[in-house]
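take a look and give me a structure for this.
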Amino acid sequence: MSFMPRIKQGDQRSGGTASGRRWFNALIVTEIADRADATFVCGGLMVESFHRLQYVELGFKPDNLPDHENGPAGFKILRNIAHE
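A predicted model of the protein is given here:
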């Protein structure tokens, strides 16, 4: 949601009192601050979740799992057959 059309509309309106403009500007500042707070809180929760994920027990031993360096066992078998 973009605030620029609202801000431009607020600048262009005629006959508004100074008090009304101050309330309008305060509302804009409050909305932006509220969204910044929400973003900050969500970012903190995400960091905490990733931190907790590092200590979750997987339920299996990942020692012998194939990875990008070793490759799956099937590729090793095919590689051995190809070189024979």
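
so where is the chain shaky, pLDDT-wise?
Applying pLDDT under 70 to the chain flags residues 1-4, 6-16, 65-84.

now with 50, please.
Within the chain, no stretch has pLDDT under 50.

break down it into its helices, ranges please.
Under the criterion DSSP state H, the chain contains helices at 4-12, 18-53, 73-83.

so which bits of the second one are buried?
I take that to be helix 18-53. F24 (16 or more other C-beta atoms under 10 Å). Bear in mind the C-beta positions are built from the backbone N, C-alpha and C, glycine included.

list the helices and strands it packs on?
helix 4-12 (3 or more C-beta pairs under 8 Å, 6 or more residues apart in numbering; DSSP states H and E).

can you report phi and psi for K61?
phi -100, psi 110 (degrees, to the nearest 10).

how near is it to S19?
69 Å (C-beta to C-beta, to the nearest Å).

do V41 as well
The gap separating V41 from S19 is 33 Å, by C-beta to C-beta.

ditto for D34
Counting by C-beta to C-beta, the gap from D34 to S19 is 22 Å.

same question, N25
Counting by C-beta to C-beta, the gap from N25 to S19 is 11 Å.

overlap in contacts, those two.
Both N25 and S19 lack any common contact, where contact means C-beta atoms under 8 Å, 6 or more residues apart in numbering.
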